[in-house]
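Novice: Quick one, what's the 3D model for this:
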Amino acid sequence: MPGGVIRLFDVWPPEQDASFQHLRAKGGFLISASLRSGQTETGITLLSEAGSNVTMQNPVGWSGGINVKDSSGNAVETTEGPVSENGVLSWAWSTKKAETYTINMSA
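Specialist: Next up, the predicted model:
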């Protein structure tokens, strides 16, 4: 998580499918995600163990924005974060301790 931004599959070969469950990220987060056919699949989950702010780079293969919902299905407000050196957007939001968030690509 260089620069405080979570990057999913940023350096993984896009032609190689991959997935992980409960990968620990700096800031007290556990993340689960999958990459298929060069695109991060929707339904990324992020568990906030500490209840802090999070910034996530637009997942590999996604264009536009993201849609974040808490465990009750309520929409979570996100703000556009920094743009990486290669021009990829990031999104930021505040999390609550012990809350699980689901991240999907905006329609």
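
Novice: Pass me the low-pLDDT residue ranges in this structure, would you?
Specialist: Within the chain, the ranges that satisfy pLDDT under 70 run 1-3.

Novice: The residue located most distally from the centre of it and Val88: what is the separation?
Specialist: Distance from the C-alpha centroid of the chain, by C-alpha atoms, centre = their mean, peaks at Glu15 (20.2 Å). Look at Glu15 and Val88: by C-beta to C-beta, to the nearest Å, they are 19 Å apart. C-beta here means a position set from N, CA and C on the backbone, and glycine is covered the same way.

Novice: tally of neighbours for Ala75?
Specialist: Using other C-beta atoms under 10 Å, Ala75 has 9 other residues around it.

Novice: List the residues that contact it.
Specialist: Asn67, Val68, Lys69 (C-beta atoms under 8 Å, 6 or more residues apart in numbering).

Novice: List the backbone torsions phi and psi for it.
Specialist: Note on Ala75: its backbone torsions stand at phi -60, psi 140 [degrees, to the nearest 10].

Novice: give me the element the spatially most central residue of the chain is part of.
Specialist: Nearest to the mean C-alpha position of the chain, by C-alpha atoms, centre = their mean, lies Met56 at 4.7 Å. Met56 is part of strand 53-57, with elements assigned from DSSP states H and E.
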